[in-house]
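Colleague: give me the fold of what follows.
(one chain, ligands or ions: 2)
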Amino acid sequence: MKTAMDMDIQYLPGVGSKRAALLKSELDVGTVGDLLHLYPFRYIDRSTVHRIADLLPDQAYVQIRATVLRVRLFAKNGAELPAEGVKYNLANRLSVIVGDDSGEIETVFFKGIKWMHTRLLPGHTFLFFGKPTIWSGRINLVHPEVDAPDSAVAGGLTGVYTSTEKLHNSGVTGKVMLRLMGAALESVLPSLQETLPDYILREKGLVPLSFALRQIHFPVSQEALAKATYRLKFEELFYLQLSLLRQKYVRSRSAVGLVMPRVGEAFNACYRALPYDLTGAQKRVIREIRDDMRSGHQMNRLLQGDVGSGKTMVAVLSALIAVGNGYQTCLMAPTEVLAQQHYANISRYLAPTGVRAALLTGATGTAARREIHAGLEDGSIGLIVGTHALIEDTVQFRALGLAIVDEQHRFGVDQRARLWNKGAGGVEPHVLVMTATPIPRTLAMTLYGDLDVSVIDEMPPGRKPIQTLCIGEEKRHAMHNFIRDEIAKGHQAFIVYPLIFESEKVDYKNLELGYEEIVKAFPLPDYKVAIVHGRQTTQEKDFNMGAFAAGRAQILVSTTVIEVGVDVPNASVMVIESAERFGLSQLHQLRGRVGRGSERSFCILMKGRKVSKESQKRLDMMCSTEDGFVLAEEDMKMRGPGDLEGTQQSGLPISLNIASLARDGLILSDARTYADHILDLDPSLERPENALLSAELHRDKYAIRDYSQIS
Ligand code: ADP
Ligand code: MG
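Modeller: Numbers count the residues shown, from 1 in each chain. Ligands and ions are numbered 1, 2, ... in the order given. Model (predicted):
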């Protein structure tokens, strides 16, 4: 049903076809509703006129009523231009000293100089509106808005909207935007339909939509604005979660899963032989997986756990449940090295069970490959570990029941689909995706809101904390000495250099220089230094990596290629060069390469001479915590959810208009719990009081892209 909200924006008074086209191309605003959902990104208080003497440099936007006292024009080279017969093309800066009865202040213009110069005539009074800044020790206003002296806005806050140069140039200024919003409100309010059921407004104490829309654009007070904001944020997050949970519900009801009721002998044999007790978190997660596998519905579970939290064991025990029920498991890793390492670890765990495992990668020889294919087809191989080689069509299973994927974001959707198609009897296997990239809770609830998520939030006991310190160039010598001491104790060290795409050339230069310096500081025959980077051939890489892994080289100089890579428990030092250039989650992943053995480990962040405030904050965070989830939360706060590792490819499900995953975690949790509760009572949303919810979910904006589908 069309409402006033759906009206084409061009019919709104003050718009017309030209502006409509511009609003569409610049802001993606096509209807009156689109316009009203464009909320101010900040508000300014234009009810108060400040006294010049009271202005402070850290103040937000202020308004003064002042008279023009002196006007001066300057050229690019700083020379003052004569006031008479000005050549505006030479003018670079217009300085206007204005005053009120409390004092004087300079206002400065770099653009629109001619216009301002002809308008700001000495003796005339205006309202100046801008942000106080400090310039050579004095407060001034750069590019303030200039208005007639009596145009102060009575009462309330004024919204400021996102704009673009094009819009501005064609006359859609902040003021025009406000006028359009006013007209839009007028046209929709009389017939506005509430978008949340009454009972939700009541139970959650939310203001009605009409109030919220009016106050978000034209707040009468901070308090009214807060109520409006809360209502709109809640609504946005609530519908997002409701739609995700609906999808999850529909799928868990419809996706038929292989039923695996038994735990089985192999599981028990492995469990009994474990050299350690499982952590509480590992036990909980295994229970969750086990419940999924016997439920009759297909499992779609994301397993999150920091580096070293013991995900491999969980994978093995899950695989053994499948084996115990007559099914096979495949475990797919993103790289050859990781696959090998998984295979080596897993083989050890499987020894007491008699279950046959195999490794299949691009490097597997023809004869071995043939044997593996046969073993998979006759069912004698219970667990196959491998790389992309696993998804080739020639690989057929007798009864694939569980697919485990390590580090999911490195696999494409198509690749995964090809694996899932190999399920026993045409039924998709259960799916467990493991990731060591901690994702903030709010983001996980949204990115993977329609999946089940298990988190191993507890580290195995006895791990020694990694000591992290951040030092500057002047301590480089000390750092070398420290590495020498560690090597004398029989340990090894990583030295990692940043490699950023845009400055690849310079970065490789740095890496090479760094390598030369290290070789000089750690000469043969006492020391061996290996080097690994992306420009080497696979053989070179493997040779160098192998030398370090086997302990033949004590130092590995590399780019971030080792981020996900070999486990070298003997390595006790991780040096990160130009650490300020890395993101938090990357630093954390790199640090996770050490601290894997029983020895005390160190992470040394080398910082450059010029470090921005923001970068310093990251380095400080790294030194203050080892908790990947805490770091991920911080990273999200600093950079926003879109830039986080592991989310770039998938992207966010819908763009949020007003709520923020980084800041509105509490509202999000509340909205999710509430949505869950509603679906619990009325899974298909067919009760009359939920008709509105069902209708809203059918709107376009909730046709969420199913990017988090892992099956
Ligand atoms: P992840 O894959 O999550 O990074 P791993 O599975 O490789 O972690 O485990 C890291 C190390 O901790 C391994 O050496 C493993 O044997 C050990 N480990 C796993 N679970 C436990 C536990 N419950 N108690 C003690 N050590 C454990
Ligand atoms: Mg692992």
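Colleague: Tyr249 against Ile678, yeah?
Modeller: No - using CB atoms under 8 Å as the test, Tyr249 is too far from Ile678 to be in contact (11.3 Å). Backbone N, C-alpha and C define where each C-beta goes, glycine included.
Colleague: more neighbours, the two?
Modeller: With neighbours defined as other CB atoms under 10 Å, Tyr249 and Ile678 compare such that Ile678 has more, 21 against 16.
Colleague: just the element for the residue lying closest to Leu685 once chain neighbours are set aside, please.
Modeller: In space, and not counting its chain neighbours, Leu685 is closest to Ser694: 4.2 Å by CB to CB, 6 or more residues apart in numbering. In the assignment (DSSP states H and E), Ser694 maps to helix 691-697.
Colleague: quick one: average pLDDT of that helix?
Modeller: For helix 691-697, the mean per-residue pLDDT is 91.
Colleague: over to stretch 301-310?
Modeller: 86.
Colleague: OK, contacts around Asp498?
Modeller: No Asp there; residue 498 is Pro. Applying CB atoms under 8 Å, 6 or more residues apart in numbering to Pro498 gives the contacts Asp507, Asn510, Thr559, Thr560, Glu577, Ser578, Arg581, Phe582.
Colleague: by contact count, what packs against the one helix or strand Ser187 maps to?
Modeller: Using DSSP H and E, Ser187 sits in helix 174-188. With contacts taken as 3 or more CB pairs under 8 Å, 6 or more residues apart in numbering; DSSP states H and E, helix 174-188 sits against helix 32-36, strand 157-160, helix 209-217.
Colleague: distance to Leu55 for these - can I get that in CSV?
Modeller: Shown next, in CSV, are the helices and strands packed on helix 174-188 (distance: least, CB to CB, whole Å):
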stretch, distance to Leu55
helix 32-36, 35
strand 157-160, 19
helix 209-217, 28
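Colleague: contacts only, for the closest residue to ligand 1 within the stretch 51-200 of the chain.
Modeller: Closest residue of the stretch 51-200 of the chain to ligand 1, CB to the nearest ligand atom: Ile200 (40.7 Å). Ile200 sits next to Leu206, Phe238, Tyr674 when contact means CB under 8 Å, 6+ apart.
Colleague: pull out the buried members of the contacts of Pro498.
Modeller: Among these, those buried by neighbour count (16 or more other CB atoms under 10 Å) are Asp507, Asn510, Thr559, Thr560, Glu577, Ser578, Arg581, Phe582.
Colleague: and the residues you listed, which of them are in helices?
Modeller: Among those, the members found in helices (DSSP state H) are Asp507, Asn510.
Colleague: tell me the one of the buried ones among the contacts of Pro498 nearest Tyr61?
Modeller: Using CB to CB, Arg581 is the member of these that lies nearest Tyr61, at 34.3 Å.
Colleague: please name the nearest non-neighbouring residue to that closest one.
Modeller: In space, Arg581 is closest to Pro498, 4.5 Å off (CB to CB, 6+ apart).
Colleague: same check, this time on Glu26
Modeller: Thr164 (4.7 Å).
Colleague: for Glu634, same thing?
Modeller: Met621 (5.4 Å).
Colleague: repeat that for Gln304.
Modeller: Val455 (4.8 Å).
Colleague: state the distance from the one you found to ligand 1.
Modeller: 12 Å (CB to the nearest ligand atom, to the nearest Å).
Colleague: residue contacts, that residue?
Modeller: Per CB under 8 Å, 6+ apart, neighbours of Val455: Ala281, Val285, Leu303, Gln304, Gly305.
Colleague: and the top helix by length along the chain, how far from the chain's centre?
Modeller: Assignment by DSSP H gives helix 222-254 as the longest helix of the chain. How far helix 222-254 lies from its chain's middle: 20 Å, per CA atoms, centre = their mean, to the nearest Å.
Colleague: what's the answer for stretch 163-170, then?
Modeller: 30 Å.
Colleague: so which bits of that stretch are buried?
Modeller: Those would be Leu167, for stretch 163-170 by 16+ other CB under 10 Å.
Colleague: neighbours of whatever residue of the stretch 401-550 of the chain ends up closest to ligand 1, just the number please.
Modeller: In the stretch 401-550 of the chain, the residue that lies nearest ligand 1 is Pro460 (3.3 Å; CB to the nearest ligand atom). Pro460 sits with 16 neighbouring residues when counted by other CB under 10 Å.
Colleague: where does it fall, phi/psi-wise?
Modeller: The phi and psi values for Pro460, taken as degrees, to the nearest 10, are phi -60, psi 150.
Colleague: what packs against the longest strand along the chain?
Modeller: The longest strand of the chain (DSSP state E) is strand 62-75. Helices and strands touching strand 62-75, by 3+ CB pairs under 8 Å, 6+ apart, are strand 80-81, strand 91-100, strand 103-109, helix 113-119, strand 125-130.
Colleague: mind doing that once more with 7 Å?
Modeller: The contact analysis (3 or more CB pairs under 7 Å, 6 or more residues apart in numbering; DSSP states H and E) places strand 62-75 against strand 80-81, strand 91-100, strand 125-130.
Colleague: which residues does the shortest one contact?
Modeller: The reference is to strand 80-81. Arg72, Leu73, Phe74, Ala75, Leu90, Ala91 (CB atoms under 7 Å, 6 or more residues apart in numbering).
Colleague: next, count neighbours for the first one.
Modeller: Which is Arg72. The criterion is other CB under 10 Å. On that basis, Arg72 has 13 neighbouring residues.
Colleague: that one contacts Asn92, doesn't it?
Modeller: No - Arg72 is beyond contact range of Asn92, at 11.9 Å (criterion: CB atoms under 7 Å).
Colleague: mind checking how far Asp635 is from Ala269?
Modeller: Counting by CB to CB, to the nearest Å, the gap from Asp635 to Ala269 is 42 Å.
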